[in-house]
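**Student:** A structural model of the following input is requested.
(2 chains)
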Amino acid sequence: MVLVADDVHLVRAAQASDAVAFEELVRRHELRIYRLALRMLGNESDAQDAAQETFLQAWRALASFRAESAFSTWLYRIATNCCLATLSRPRPDTDPLSGREMDPRPGPDSITVERDRFRSLKVAIGRLTPEQRAPLVLREFEGLAYEEIGEVLGLSAGAVKGRLHRARLELVKGAVP
Amino acid sequence: MKPFQEGEHLPCGVELVGLVNQVAEDLRPPDPEHQSSCEHCRRALAELEPMWGQVRELARQEVIPPSALVATVIQAIRAERTRVSPEELPLREIVPRLVEHALLLGERGSLRIADSVIAQVIVREALATPGVVALDAGAASPRFGKSSHGVTVSMHESRVSAQLLLVVEIGWPIPGVVRDVRERVGQAVRTITGLDAVAIDVTVTDVRGE
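**Tutor:** Reported below is the predicted structural model:
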């Protein structure tokens, strides 16, 4: 009875305005999209907003998805753009470097912030420019290949390599004690 | 992570970025002889390895999306859909059966019911209807796609439609049997799952005597 549909079929059904098929796509991809947003933005509430915005934009733009790339790649592209838009908005109430410590809304993580042994790494990631951070997150945390990162960011594989190498270098140089 | 003290080139002339990439991508050293004998390279690598180990560890760390994420997206999409003109949303959309859960959204959370659960409810009720001998597990109707146990369930949000392949006992009036099947199945689906059985399509594939 149980029939597991792949993304291609679900996308086709969703394009025929089957909301249930799209809901299944949301469930399948929520983890990677949320994780991308969390590593890009550094705090849970912004990450949740960006992930929700990603799926809404995807739903509205679904008709324009041409299956030239994988659905996940297309989603990553929307998500990355949502995150870059968030990062370009001024956030006066937030520490521009990490976006975390000054977040007034307590997230589930807030109690453990003090003993978060990744804290300095996260701060170092937060110090990268958004243009450096995106390829780094897509590569190191999402495990995408250079070509796929290029599709997400609209760059050649060579340009991805250049930015990624710069990002890694900045990361190891910018780590705080 | 500790700040990395070196500049962009090590005193031996090796570019730091090369070593960083070597560690990050787990590459073989391009110049193994130099690296194994150069104290600058070895020291830099000894600092980089644990640093990158932390990056890998963070990458492996489990991330749990907030439980409200999917529900919020779904509700927003539904709200947008209801603004579309009703003619564009037929009650039963004929789409291939792709999703194996019906979804009910409530104030305090969502409920999903697997189609196999609904199928079992339907099979039990259909078989309990007088005049029904069996469900035709062998037949596969091209219109309804693959059928197992003689029942195919399609779901759209909280609406269920079912296609049944029945074997009826010879001598029983087929329209009456089918009407009873529809009533019983519809009632059972509503009572047991809370879903609305909007259509129960029946194909009588065979008749049998005792």
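
**Student:** who are the neighbours in contact with residue B:194?
**Tutor:** B:104, B:111, B:158 (CB atoms under 8 Å, 6 or more residues apart in numbering or on different chains). For glycine as for every other residue, the C-beta is placed from the backbone atoms N, C-alpha and C.

**Student:** do residue B:104 as well
**Tutor:** Contacts of residue B:104 by CB under 8 Å, 6+ apart are B:110-113, B:158, B:194-195.

**Student:** What are the phi and psi values at it?
**Tutor:** phi -120, psi 120 (degrees, to the nearest 10).

**Student:** Quickly list what it is bridged to.
**Tutor:** residue B:111 (DSSP bridges).

**Student:** roughly how far apart are it and residue B:114?
**Tutor:** 13 Å (CB to CB, to the nearest Å).

**Student:** Nearest the geometric middle of chain A, what residue?
**Tutor:** residue A:36 (2.8 Å; CA atoms, centre = their mean).

**Student:** Parallel or antiparallel, which strands does the biggest strand by length in chain B pair with?
**Tutor:** For chain B, the longest strand by residue count, based on DSSP state E, is strand B:196-208. As defined by DSSP bridges, the strand partners of strand B:196-208 come to strand B:159-169 (parallel).

**Student:** need the next SSE after the strand it pairs with, C-terminal direction.
**Tutor:** helix B:174-193 (DSSP states H and E).

**Student:** Briefly note if that next one comes near chain A.
**Tutor:** No - using CB under 8 Å from any CB of the partner chain, helix B:174-193 never reaches chain A; the gap is at least 14.8 Å.

**Student:** how far out from the middle of the chain is that helix?
**Tutor:** Helix B:174-193 sits 28 Å away from the centroid of its parent chain (CA atoms, centre = their mean, to the nearest Å).

**Student:** Over to stretch B:53-65?
**Tutor:** 25 Å.

**Student:** Now residue A:35. Nearest residue, chain neighbours left out?
**Tutor:** The shortest distance from residue A:35 to any non-neighbouring residue, by CB to CB, 6 or more residues apart in numbering or on different chains, is to residue B:63 (4.5 Å).

**Student:** Would you mind listing the residues in contact with the one you found?
**Tutor:** A:31, A:34-35, A:38.

**Student:** ok, now residue B:18?
**Tutor:** Counted by CB under 8 Å, 6+ apart, residue B:18 has contacts residue B:30.

**Student:** go on, residue B:31?
**Tutor:** Contact analysis of residue B:31 by CB under 8 Å, 6+ apart lists residue B:14.

**Student:** measure it to chain A for me?
**Tutor:** 18 Å (CB to the nearest CB, to the nearest Å).
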